[in-house]
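# no sequence on this one, just coordinates:
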């Protein structure tokens, strides 16, 4: 069943339809929030808050892109969490128990896999240094693969603003990563 049909059924009291929307989008929203905020607990709070807000606003909704709307709510919830939180440094993929969530590669040897993890950590750290508006644009585009139009809808900003934020974010990332020994150490191997 498509999103709009599920939304319509949920608006009319079908809890199974709302549950289907939750199941369809919870992982994607969690990943986005984790990349924006950096901690699993904050990301889980955002997802919970997103679906709570979504449920509370079901009667008010009309024809809408469900995916874009949920991302808009999640971005707003992420901003709220960031404003409230006293930030503590953390790896964006760290569990509360200190273990890092990494899937072992079946195609890489141990050295290549370790280098890939180090590169990913350097990129995540650089993304976390971006201003939130830039970080949101990068994560929605490059992690969640939203189109520029979907990002504009989710953020309620003009398309030109999305393009500008992405361009500026990528310039800042390039500058931050330009001299990273982790990213360029592999170049001497070839």
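Okay, I see it. Nothing here was measured: the structure is a model prediction, and the numbers come from that model.

# ok, now which ones touch residue 43?
30-31, 33-34, 37 (CB atoms under 8 Å, 6 or more residues apart in numbering). (C-beta placed from N, C-alpha, C; glycine too.)

# which residues of the protein fall in helices?
For the chain, the helices defined by DSSP state H occupy 3-11, 15-37, 40-56, 66-84, 110-128, 132-138, 148-155, 159-177, 181-184.

# poorly predicted segments of this protein, please.
62-64, 85-108, 182-190 (pLDDT under 70).

# domains of it?
Each domain of the chain is listed here as a residue range: 1-85, 108-190, per automatic domain parsing.

# and residue 146, backbone torsions?
With angles defined as degrees, to the nearest 10, residue 146 sits at phi -80, psi 150.

# quick one: it from residue 135, how far?
14 Å (CB to CB, to the nearest Å).

# what does residue 13 give?
The spacing between residue 13 and residue 135, counted by CB to CB, is 37 Å.

# one more: residue 169?
Relative to residue 135, and taking CB to CB, residue 169 is found at 7 Å.

# what's the burial count for residue 51?
For residue 51, the neighbour count with other CB atoms under 10 Å is 21.

# does it really touch residue 22, like I thought?
Yes - at 5.4 Å, residue 51 and residue 22 qualify as touching, with contact defined as CB atoms under 8 Å.

# okay, which residue is most central for the protein?
residue 32 (1.4 Å; CA atoms, centre = their mean).

# contact partners for it?
71, 74-75, 78, 139-140, 143-144.

# at 6 Å instead, please
139, 144 (CB atoms under 6 Å, 6 or more residues apart in numbering).

# residue 58 now?
Residue 58 makes contact with 10-11, according to CB under 6 Å, 6+ apart.

# now residue 47
Contacts of residue 47 by CB under 6 Å, 6+ apart are 26, 29-30.

# if we go to 7 Å?
26, 29-30, 33 (CB atoms under 7 Å, 6 or more residues apart in numbering).

# for residue 11, same thing?
Neighbouring residues of residue 11 by CB under 7 Å, 6+ apart: 58-59, 61.

# if you set the cut-off to 10 Å instead, what comes out?
17-18, 57-62 (CB atoms under 10 Å, 6 or more residues apart in numbering).
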